[in-house]
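The sequence and its predicted three-dimensional model are supplied below.
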Amino acid sequence: MKTILPLWGAAVLATPFMPLQADAASIGVRIAARPTLPYVLQARMQRRPIFTVLPARGVQSALLPNQAAHGATIPFFRSSITSPLDGKRYKWEMVGTNPMTNQTTTTVNFVPILARVHFIDGSVLDPTQPACNDTVAVADRLFGSPLFNAVDLISNGIDVGTTQIIDGFQRANFWKYVAGTNFHVLLAPAAKPVLVDITAPTGSITQTGACSGSNHNMGEIDINAWDAIVRKLDKKYAQPNQLPIVATYNVFQTEYHAVCCVLGYHSAFARPGGTQTYAVGAYNDPGEFSQPIEDIHAWTHELGEWTDDPFVQSDNYNFTPAWGNVGQVNGCQDNLEVGDPLTGTPFLVTYNGFTYHPQELAFFSWFYRTPPTGTGGLYSFEGTFTSAQGTCTG
């Protein structure tokens, strides 16, 4: 049976945004000035699109189940599994209920926070304005997309329901257990979008984007400086049991001495009253990267990873046997980050007359090398992975 979800109402998005003036100083963030280094320009020319996670800060794993039971963090479950690859037992936790044992619906409220970023060169990267060669505001495209609204989704030849993309992915991920059930992990808005004006921290720059005009530039901000701002916004506008979504237009983060570009990340931190999970990402123009990454690609990646790894390996949860040398990963890594192996692999979904480019995501079984639980006996939502990865070396 298909579940029909209410759309993000056009009336909500048509409501004029109420900008709130903020910069690093006004929200209590202290940013140290950084020198511009000679090698930075060469690093920026690489434009390598990646996604990352930031370590959880102050999260006490033992407290999380009780917090979830009392609305002091997001609803989640824990389980464990033995990988036939190495015979080890791995603990894992995800948002919602356990699809193997409890096929019910979970709805998490999200708080949309739009960051309009002002750079020292006069560029203003504004998500309330249209992206390159579009006539609809970035915010309307993002929150009016199938990430937050229902569309009929087919995974590996199987109709997984009329639902949001991330819910469709999670249903496909565990299709063996949830087919024909009311299992869902849904996102619902807790409030109208909040628009906040941010002065880019010292050391931030822009460079020419794929579209002409300074207000279509690519903005680059140090990830630690940006995250300090983001966490202040999260605490101001969201509750621990909600997901703050801090969205930008063409604004990317840099790390490791200004190497660009981090398109999105997620993390968690302890705060008074509970544990806050959050996600950060950019809606970006086509042509910014050599890979076909545009519009909601980054947000599909981050929301998928938030769903399947909400507390970023706290207390040894969500580690996996080593995998890698695929997608954005050179060498091996050992975490349940469902987007990383398929960064730059889009699929197409047309909704309300616009063709979106969400990202393909890997299934649970691919990481743990267990028999497939996903649609079609395959190992990713669109069937890019037809088998689980073997042993990763290097």
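Yes, it's here.

which ones are touching D134?
Contacts for D134 (Cβ atoms under 8 Å, 6 or more residues apart in numbering) come out as R141. Placement of C-beta: from N, CA and C, glycine included.

Next, work out how far apart it and P358 are.
17 Å (Cβ to Cβ, to the nearest Å).

Kindly report the same for R78.
Distance of R78 to P358, computed by Cβ to Cβ: 28 Å.

Among these two, which residue is more densely surrounded?
Taking other Cβ atoms under 10 Å, R78 and P358 do not tie; P358 has more neighbours (27 against 16).

Now do the same for the nearest residue to that one once chain neighbours are set aside: helix, strand or coil?
Spatially, and ignoring its direct neighbours in sequence, P358 is nearest to T300 (3.9 Å; Cβ to Cβ, 6 or more residues apart in numbering). Look at T300: counting by DSSP: H, G, I helix; E, B strand; the rest coil, its state is helix.

for W92, same thing?
strand.

element containing G304?
Counting by DSSP states H and E, the element that carries G304 is helix 297-308.

helices or strands next to the helix or strand following that helix in the packing?
Per DSSP H and E, helix 297-308 leads on to strand 319-326 as the next helix or strand towards the C-terminus. Under the contact criterion of 3 or more Cβ pairs under 8 Å, 6 or more residues apart in numbering; DSSP states H and E, strand 319-326 touches strand 89-95, strand 329-335, helix 364-368.

any idea of the angle strand 319-326 forms with strand 329-335?
170 degrees (axes from the mean of the first three to the mean of the last three Cα atoms, to 10 degrees).

List the buried residues of the longest helix anywhere in the chain.
Looking across the chain with DSSP state H, the single longest helix is helix 223-237. With burial defined by 16 or more other Cβ atoms under 10 Å, the residues of helix 223-237 counted as buried are 223, 225-237.

Give me the distance from that helix to the chain's centre.
Chain-centre distance of helix 223-237: 16 Å, with Cα atoms, centre = their mean, to the nearest Å.

Would you mind pulling the contact partners of that helix?
Counting by Cβ under 8 Å, 6+ apart, residues outside helix 223-237 touching it are 22, 24, 27-29, 31, 52, 54, 111, 113, 115, 191, 194, 196, 198, 201-204, 244, 246, 253-255, 262, 265, 267, 269, 271, 276, 278, 280.

and whichever helix or strand comes after it, what does it pack onto?
On the C-terminal side of helix 223-237, the closest following helix or strand by DSSP H and E is strand 243-249. For strand 243-249, the packing partners by 3+ Cβ pairs under 8 Å, 6+ apart come out as strand 105-118, helix 138-143, helix 223-237, strand 274-283, helix 297-308.

Just tell me which of the ones you listed ends up closest to G157.
Of all the helices and strands packed on strand 243-249, helix 297-308 sits nearest to G157, with 20.3 Å by Cβ to Cβ.

Take the helices and strands packed on strand 243-249 and write them to a markdown table, including distance to T391 and mean pLDDT.
Formatted as a markdown table, the helices and strands packed on strand 243-249 follow (distance: least, Cβ to Cβ, whole Å; pLDDT from 0 to 100):
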| stretch | distance to T391 | mean pLDDT |
| --- | --- | --- |
| strand 105-118 | 35 | 98 |
| helix 138-143 | 39 | 98 |
| helix 223-237 | 32 | 97 |
| strand 274-283 | 31 | 98 |
| helix 297-308 | 22 | 98 |
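
Looking at the ones you listed, which one is packed in the most?
Greatest average neighbour count among the helices and strands packed on strand 243-249 goes to helix 297-308 (a mean of 28), per mean count of other Cβ atoms under 10 Å.

where exactly do the strands run in the stretch 51-200 of the chain?
76-82, 89-95, 105-118, 124-125, 151-155, 158-163, 184-189, 194-199 (DSSP state E, counting those that start in this stretch).

Go through those strands and name the closest to Q313.
Nearest of those (Cβ to Cβ): strand 89-95, 9.8 Å.

pLDDT of that closest one, averaged?
When pLDDT is averaged along strand 89-95, the result is 98.

do the same with stretch 337-355
Rounded mean pLDDT across stretch 337-355 is 97.

Buried residues, it. List them.
Here stretch 337-355 shows 337-347, 349, 351 as buried, counting by 16+ other Cβ under 10 Å.

Help me confirm that the residue nearest to P358 comes into contact with Q164.
No - counting by Cβ atoms under 8 Å, T300 sits too far from Q164 to count as a contact (10.5 Å).

who touches both of the two?
L147.

I'd like to know how far the nearest residue to G339 once chain neighbours are set aside sits from N325.
Counting by Cβ to Cβ, 6+ apart, H301 is the residue found nearest to G339 once chain neighbours are left out, at 3.5 Å. Distance of H301 to N325, computed by Cβ to Cβ: 19 Å.
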